[in-house]
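**Q** My questions concern the predicted model and sequence given below.
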Amino acid sequence: MYRLEQPIYFYLLAILPIIWFGYFMVLWWKKRTQKKFAEAHLLAKLSPEQSVFKSLLKMIVLSLGFTLLIIGLVNPKMGTALKTVKRSGVDLVFAIDVSKSMLAEDVAPSRLEKAKLIISSIIDKLGSDRVGIIIYAGNAYPLLPITTDHAAAKMFLENAHPNLVSSQGTAIGQAIKLAQTYYDNDEQTNRFLFIISDGEDHGEDAATATNNATQNAIKTYTIGVGTRKGGPIPIKDNGRLHYKKDKDGNMVITQLHDDILKEIAQAGNGTYIDGNKTKEAISFAEDLIVNADKKEFETKEFSDYKDQFQWFVGLGLLFVLIDVFLLEKKTKWIQKLNLFDEKKHH
C-alpha cells in the first residue's frame, strides 16, 4: 500500500510538453538556418560527428530525470506492515439516487451534485466511523463496501452518475435491501442509513424494505433534494443539450416528492432532512453521529509508512548527470551501426 504526501507537485509534469515543444522548435530553426548556409551533404562533411540521435537521447534522458525528481517531490510512502487496529465508531451507509431526474437543476448546480456535496461534507466530519456507498436508479448497485478509508469514499462518490446504472427509475426498496448487507459487524449498536433522493418514481417495496431494516436495528434517514415546483431534466447527446420529453412531445418536469421520503424516514425510526438547506442537513448528520454511542471494532490497515523520495531523487539526479556528460557527437559504435544511413552520402 502506498500514499502520496504531496500530489500537487504532479502539476509540474505539465512543463514537459513545453520543453519538448521548445526542443522541436529549436531543431526546426537550426535545420532551416543550416539550409540557408549550405547544402545538407556539405554540412555532413563540415560536421561529420554531429548526431541527431544523440540530441534526441539527451532530451529523453533529461525528461526522465525531470520526471523522477518530480516524483521525489511528491514523496511516495510505502506501507510496510498490515496491522489489526481497534477503532470505535458508527456504521454509515449512503444510498444515493442517480436516476436521470437527479440531473434537474432546480437546485444549484444540480440535485445530484447537491447530494454529492452533502455526503462529502458529512464524510469530512467523520472520525473513526465506517462508511459505505450505494447507488441506485431502476436497480441498486454497491459503489463502495463499508470501509474506514474516507478518502476512497469521496473518490468513489465523485464517479456516481446515471450512466453507471443500466435501468432508470428510483428503486429505493432495492437500495435499502442492499444496504442491509453492508453492516457486517453484528455487535454494532448504531447503524445509520442515509437515503439521498428526490423521491420520484419510487418502487412499491420501499415500505417493506424499511420495516425489515428497522428490525435489523438500522435507522433510516432520508435527505430530499429538489423543489416541489420542479424543473426539466437536461440530457446531453453528443455534446448537444436538450431536455427530456414525454411520448406526446411535452417537456417532462420532475418534482421533489418529500412526502414519500418522510414516510420512509418515519418507518425507519429516522428523520427526514431538507437537503436544500445544505448547512442544516450537514449539521444534523454531524450532531447525530457525534452524540451516538461508539462501538469498538477491528479493522486491518497498512502502517509504518516510510518515505521513498530518496530513490526517485537519486535516480533523477543520475539521469541529469548522464545528460550533462552525454555529448551530442557520434560515438564509434553508433557510426558503425550507421542508423541514419549517412554513409551513402560519402
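**A** Sure, I can see it.

**Q** what separates the closest residue to Pro76 other than its chain neighbours from Ala265, distance-wise?
**A** Once flanking residues are discounted, Pro76 sits nearest to Gln308: 4.8 Å by CB to CB, 6 or more residues apart in numbering. For glycine as for every other residue, the C-beta is placed from the backbone atoms N, C-alpha and C. Distance of Gln308 to Ala265, computed by CB to CB, to the nearest Å: 48 Å.

**Q** again with Gly169
**A** 21 Å.

**Q** Please say which of those two ends up with more neighbours.
**A** Taking other CB atoms under 10 Å, Gly169 and Ala265 do not tie; Ala265 has more neighbours (22 against 19).

**Q** Thought Thr222 was touching the more buried one, still the case?
**A** Yes - counting by CB atoms under 8 Å, Thr222 is a contact partner of Ala265 at 4.4 Å.

**Q** shared neighbours of the two, anything?
**A** Residues touching both Ala265 and Thr222 by CB atoms under 8 Å, 6 or more residues apart in numbering: 271-272.

**Q** Okay, and the beta partners of the closest residue to Lys262 other than its chain neighbours?
**A** Nearest non-adjacent residue to Lys262, counting by CB to CB, 6+ apart: Tyr272, 4.3 Å away. Beta-bridge pairing of Tyr272 under DSSP bridges involves Thr222.

**Q** what pLDDT does Tyr272 get?
**A** Note on Tyr272: pLDDT of 95.

**Q** Let me see the contact set for it.
**A** Counting by CB under 8 Å, 6+ apart, Tyr272 makes contact with 221-224, 258, 261-262, 265-266.

**Q** okay if I get the residues you listed as JSON lines plus pLDDT?
**A** Listed next are those as JSON lines, based on pLDDT from 0 to 100:
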{"residue": "Tyr221", "pLDDT": "95"}
{"residue": "Thr222", "pLDDT": "95"}
{"residue": "Ile223", "pLDDT": "96"}
{"residue": "Gly224", "pLDDT": "95"}
{"residue": "Asp258", "pLDDT": "90"}
{"residue": "Leu261", "pLDDT": "91"}
{"residue": "Lys262", "pLDDT": "92"}
{"residue": "Ala265", "pLDDT": "92"}
{"residue": "Gln266", "pLDDT": "92"}
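
**Q** Quickly check the residues you listed for the two that are furthest apart.
**A** Ile223 and Gln266 (14.5 Å; CB to CB).

**Q** which one of these two has more residues nearby?
**A** Shown here are Ile223 and Gln266; by other CB under 10 Å, Ile223 has more neighbours (28 against 14).

**Q** From Ile172, how far out is that one?
**A** Taking CB to CB, one finds Ile223 at 12 Å from Ile172.

**Q** which stretch of helix or strand covers the spatially closest residue to Leu164 that is not a sequence neighbour?
**A** Excluding its sequence neighbours, the residue lying closest to Leu164 (CB to CB, 6+ apart) is Ile135, at 6.0 Å. Using DSSP states H and E, Ile135 falls within strand 130-136.
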